[in-house]
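Chemist: could you work out the structure for the sequence below:
(2 chains)
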Amino acid sequence: MKRTRVIEALNKDKKVERIMVKGWVRTKRDAKEFSFIELNDGSCLKNIQIIIDQNQDCREDLKLISTGAAVSIEGALVQSPGKGQKWEIHAARIELIGEADQNAYPLQKKRHSDEFLRTIAHLRPRTNKYGALFRIRSESAFKVHSYFREKGFFNLHTPIITGSDCEGAGELFRVTTLPAGKTKQNEKQNISENDFFGKEANLTVSGQLEAELFACALDRVYTFGPTFRAENSNTPRHAAEFWMIEPEMAFADLTDNMDLAEDLIKNMTIHVMENCKDDLELFGKFVDKKLMRDLEIIAEKEYVRLPYQKAVEILQSSNKKFEFPVAFGTDFQTEHERFLCENHFKKPVFVFDYPKSIKPFYMRLNDDNSTVGAMDLLVPRVGELIGGSRREERLNILEHRIKEAGMKKETYWWYLDIRRFGSTPHAGFGLGFERFLMMITGVSNIRDVIPFPRTPRHLEF
RNA sequence: UCCCCAGUAGCUCAGUUGGCAGAGCGAGUGGCUGUUAACCACUAAGUCCGCGGUUCGAGUCCGUGCUGGGGAGCCA
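Modeler: Numbering: from 1, shown residues only, chains lettered A, B, ... in the order given. Model (predicted):
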């Protein structure tokens, strides 16, 4: 008999004589005459209730069927006389597929702390919260691709292993096939020459430079893949491995860039609100009561667009006492970012035109000669969700900026070539996928929106 | 990496001026009921995070390491 997924069974509009479902037992309540099983198969948040008449032949395995066990149930889908659910299945045949030892199974039918569930990351998707979370993660990823496709962007697969030694985007993970332990004994050059690629290799910290090359050919591209940072940052908003979305557009300026970023965030948010209603409501109920209201603001309200200079003035004239003083030329601290989007504007804020001294070499120098066409999107709870810029397309200025930054232009010959042959204004940004998920679910630790998180000193599963 | 807080039963936690190790939930057993994180009774369950120190005596005080949480820096 063909299996029916629980989500389909619950959406039936009339009763079914015979149906088969398979899944994992969430709870079992025994009575003398009946047993009630709550069955979940991951297809949706809701369970389906199974009623087993203990006088029937199907009770054979019943004692071994307990929380966590995998079972197959055949029976009639009928309207439930009880409260709390529309449909239920009257079991005619039950099969225990895989039992779960109750003395050892760590998931109980009660709420567990996030910290505990993190230690059993292989089982946590079987809880309501994490099942919902990873369905939302999947649906969000789907929307990224469909959004860009609708807008005429091409998906670009940039390399995971890179040979460029520096992009100014943080510490790198070394990739090597040399035996462990011996690397330290050799000189750095010797290592690289004898290594797999014959030169130093690292895991990517960004696909931006490569995306720029392709934007200057396919016009509009985006990357969506894993990114690695070897920084020893121990915060609820950082991970060593995370996923980043990086669109890049040719013939575009900073306004186009902000327009795209705002439209993308709104579309992804609306998509999750429409397609993960039950799952999202769980977060609104148990994780953050303000969530649904905040999501409506993100989906509907126009985002603030604030020049860096104006942001400095707002912060300086505010009555709030900051630990770090604000002055032109300094980067904003977390407290400043939070004040702007959470207290002052109470919605997402783009800050743009930052001083060139605090931004990387590739950002386009403005006519004032002191600021660059950079933009950050600050959102409540998360802080910096997006960082992007218009890219410097003028060869002589870019060469000068590379020199200023203390880097060799030979390393970037291919990057500079693009400015030599048909150079054009272009712009793009990086969106942290996990930070988006934190924003949309209210989950406050990045470790809880990644199936198997990698952070300093943690490499389990 | 820096600052603050915590680590006690499977889970969540209490444990007084240093003096016999506790509760709720979960699990097991029995009962009861078309049950809804069911209910009632009983039972089992501990390297008090590790190491070292102070003391007649340490879950409790001191040092140190590890782990977790919050904040900061770096950033997405």
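
Chemist: residue A:12: neighbouring residues, count only.
Modeler: When neighbours are defined as other CB atoms under 10 Å, residue A:12 has 13 of them. Every C-beta, even on glycine, is put in place using the N, C-alpha and C of the backbone.

Chemist: do the same with residue A:161
Modeler: 11.

Chemist: beta-bridge partners for it, please?
Modeler: Beta-bridge pairing of residue A:161 under DSSP bridges involves residue A:203.

Chemist: so for it, what's the pLDDT?
Modeler: At residue A:161, the pLDDT value in this model is 93.

Chemist: wait, it touches residue A:200, no?
Modeler: No: taking contacts as CB atoms under 8 Å, residue A:161 lies outside contact range of residue A:200: 10.9 Å.

Chemist: could you measure from residue A:89 over to RNA strand B?
Modeler: From residue A:89 across to RNA strand B, the span is 10 Å (CB to the nearest atom of the strand, to the nearest Å).

Chemist: and that residue, what element?
Modeler: Element membership for residue A:89, per DSSP states H and E: strand A:87-98.

Chemist: same question for residue A:198.
Modeler: With DSSP H and E as the test, residue A:198 turns up in no helix or strand.

Chemist: check contacts around the spatially closest residue to it that is not a sequence neighbour.
Modeler: Closest residue to residue A:198 apart from its sequence neighbours, by CB to CB, 6 or more residues apart in numbering: residue A:192 at 7.1 Å. Going by CB atoms under 8 Å, 6 or more residues apart in numbering, residue A:192 touches A:198-200.

Chemist: go on, residue A:196?
Modeler: Taking CB under 8 Å, 6+ apart as the test, what residue A:196 contacts is A:175-177.

Chemist: try it again with 6 Å
Modeler: Counting by CB atoms under 6 Å, 6 or more residues apart in numbering, residue A:196 touches residue A:177.

Chemist: in three-state terms, label it for me.
Modeler: Following DSSP: H, G, I helix; E, B strand; the rest coil, we place residue A:196 in the coil state.

Chemist: sorry, back to before: outside of the strand holding residue A:89, which residues touch it?
Modeler: For strand A:87-98, the external contacting residues (CB under 6 Å, 6+ apart) are A:10, A:49-52, A:58, A:61, A:64-65, A:70-78, A:80.

Chemist: so which of these are also by RNA strand B?
Modeler: The residues of the contacts of strand A:87-98 that also fall near RNA strand B, by CB under 7 Å from any atom of the strand, are A:49, A:51, A:80.

Chemist: among these, the buried ones, what's the PyMOL command?
Modeler: Of these, the buried ones can be selected in PyMOL as follows, counting by 16 or more other CB atoms under 10 Å:
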select buried, chain A and resi 49+51+80
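
Chemist: got TSV for the ones next to RNA strand B among the contacts of strand A:87-98, with secondary structure, pLDDT and distance to residue A:398 too?
Modeler: Formatted as TSV, those follow (DSSP: H, G, I helix; E, B strand; the rest coil; pLDDT from 0 to 100; distance: CB to CB, whole Å):
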residue	secondary structure	pLDDT	distance to residue A:398
A:49	strand	92	65
A:51	strand	90	71
A:80	coil	87	68
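
Chemist: format the contacts of residue A:192 as CSV; extra columns: neighbour count and pLDDT.
Modeler: What follows is the contacts of residue A:192, written out as CSV (neighbours: other CB atoms under 10 Å; pLDDT from 0 to 100):
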residue, neighbour count, pLDDT
A:198, 10, 87
A:199, 12, 84
A:200, 19, 83
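
Chemist: for RNA strand B, state which of those is nearest.
Modeler: RNA strand B lies nearest to residue A:200 out of the contacts of residue A:192, by CB to the nearest atom of the strand, at 20.3 Å.

Chemist: now do the SS call for the closest residue to that closest one other than its chain neighbours.
Modeler: Here the nearest residue to residue A:200 in space, its sequence neighbours aside, is residue A:192; by CB to CB, 6+ apart that works out to 4.6 Å. Three-state call for residue A:192 (three-state DSSP): helix.

Chemist: so for residue A:192, what's the pLDDT?
Modeler: Among the per-residue scores, residue A:192 holds a pLDDT of 75.

Chemist: buried subset of the contacts of strand A:87-98, written for PyMOL?
Modeler: Buried residues within the contacts of strand A:87-98, by 16+ other CB under 10 Å, are selected in PyMOL with:
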select buried, chain A and resi 10+49+50+51+52+58+65+70+71+72+73+74+75+77+80
